[in-house]
Each structure stands twice: as structure tokens, then as C-alpha cells.
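> Sequence and predicted structure, then a few things I'm wondering about:
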Amino acid sequence: MELGLHGKKVIINGGSRGIGRAALDIYAAEGCDIAFFSRDAKRVDETITQLSKAGVKVFGDALDMNDAAVYEAWLKNAVQRLGGCDIFIHNASSSGAQATTDWDKTFKYKTRNDGTLSETKLIAKLTELSDQADERSIGKHCQKP
């Protein structure tokens with residue numbers, strides 16, 4: 001399928017499996033350069049190997065986003081490595097940390113509303129570095145009508 005995304009720079013937090021991995025596969029097939037992370041270093045390496053076969057730049061890191069300062073530094077580094085950010089997808093969830101029954105942790109993963117990082121403000125800064133910025137969120141497209 002041709003979505004007109006060739007050459008776009010995509011950042012996805014959480015992406016070595018599930019919906020995030022499926023999204024990475026699509027973006028790589030469309031010719032997008034990608035930055036992503038996962039807690040599992042082995043899955044990161046496997047994902048980089050597979051996505052690189054599409055001939056795109058792929059940057060993946062093992063990271064636990066519970067440390068807001070580390071996460072913010074990763075986002076900034078991802079933008080630098082890609083040379084900008086056209087599409088950002090907040091995909092990480094507490095289920096990867098086996099915390100789906102922990103309401104507080106789930107809320108923090110989904111909103112990063114713990115007083116340490118305003119993802120919205122940071123994304124705004126990141127996308128200013130790209131001439132065709134476009135913020136996307138999986139949740140935004142899954143809301144009830």
C-alpha cells in the first residue's frame with residue numbers, strides 16, 4: 001500500500017511487539033526512518049534486524065520509561081538521530097511492565113502526568129524540528145464515537 005509516507009521520520013515509544021511492532025512494520029514498508037524502544041534488549045535487536053531489511057534507518061534502544069529524565073533524553077536523542085520527527089506515536093503501556101492492574105502506573109504510562117515530563121510540550125518542541133510535523137496517537141483513533 002502507498003500511504004505517501006516515504007522519508008518521514010517516525011518515533012514510537014514501545015514497539016518491539018504487538019500494535020507497536022505492527023505499526024513499525026508498516027512504517028518501514030512505507031520507507032519511513034524509525035526510532036523506537038522496548039524494555040527487552042533482545043527484542044530490540046531482533047526488531048532492528050527485521051526493519052532494516054526495508055532499507056530504512058532504524059534506531060532502537062532498550063529502555064524503561066519509568067525514569068522520566070531518561071525517557072526525555074531518549075526522545076531528544078531519537079530526534080537528533082533521525083534528523084527530526086514527522087510522526088510520534090505514544091504506544092507504550094503498563095501491560096508490558098505487567099502492571100495492568102496497577103491503576104496509578106497505568107495512568108502514568110498513558111498520560112505521563114506525574115509532574116516530571118509533559119510529553120505534549122516535548123513533542124511540540126520535537127516536531128518543530130521537522131518541516132512536515134504530524135502528531136498521531138493510537139488512542140486518538142480508537143475513541144468511542
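In hand now; what should we look at?

> Burial check on His6, number of neighbours?
Residues lying near His6 (other CB atoms under 10 Å) number 10. The way it works is simple: take the backbone N, C-alpha and C, and place the C-beta from them, glycine included.

> Make sure it is actually in contact with Ala29.
No. Using CB atoms under 8 Å, His6 is not in contact with Ala29, being 10.2 Å away.

> tell me, what's touching the two both at once?
Common neighbours of His6 and Ala29, using CB atoms under 8 Å, 6 or more residues apart in numbering, do not exist here.

> Extract the CA atoms of stretch 46-64 and return them as CSV.
The C-alpha trace of stretch 46-64 is given here as CSV (Å, rounded to 0.1, in the frame of the first residue of the first chain):
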residue,chain,number,x,y,z
GLU,A,46,15.5,-8.6,16.5
THR,A,47,13.2,-5.7,15.6
ILE,A,48,16.1,-3.6,14.3
THR,A,49,17.3,-6.6,12.2
GLN,A,50,13.9,-7.2,10.6
LEU,A,51,13.0,-3.5,10.0
SER,A,52,16.4,-2.7,8.5
LYS,A,53,15.7,-5.1,5.7
ALA,A,54,13.3,-2.5,4.3
GLY,A,55,16.3,-0.2,3.6
VAL,A,56,15.4,2.5,6.1
LYS,A,57,17.3,4.0,9.1
VAL,A,58,16.3,2.2,12.3
PHE,A,59,17.3,3.2,15.8
GLY,A,60,16.2,1.1,18.7
ASP,A,61,17.2,1.1,22.3
ALA,A,62,16.5,-1.0,25.4
LEU,A,63,14.8,1.5,27.8
ASP,A,64,12.4,1.5,30.7
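
> Show me which positions of that stretch end up buried.
Buried residues in stretch 46-64, counted by 16 or more other CB atoms under 10 Å: 46-48, 51, 54, 56, 58-60, 63.

> again, but for stretch 9-21
9-16, 20-21.

> Straight-line length of it, end to end?
Criterion CA to CA, to the nearest Å; first-to-last residue distance in stretch 9-21 is 16 Å.

> swap in stretch 58-71?
Using CA to CA, the two ends of stretch 58-71 sit 18 Å apart.

> Could you list the residues in contact with it?
By CB under 8 Å, 6+ apart, stretch 58-71 touches 13-16, 28, 33-41, 44-45, 47-48, 51-52, 74, 78, 81-82, 92, 97, 109, 112, 114, 116-117.
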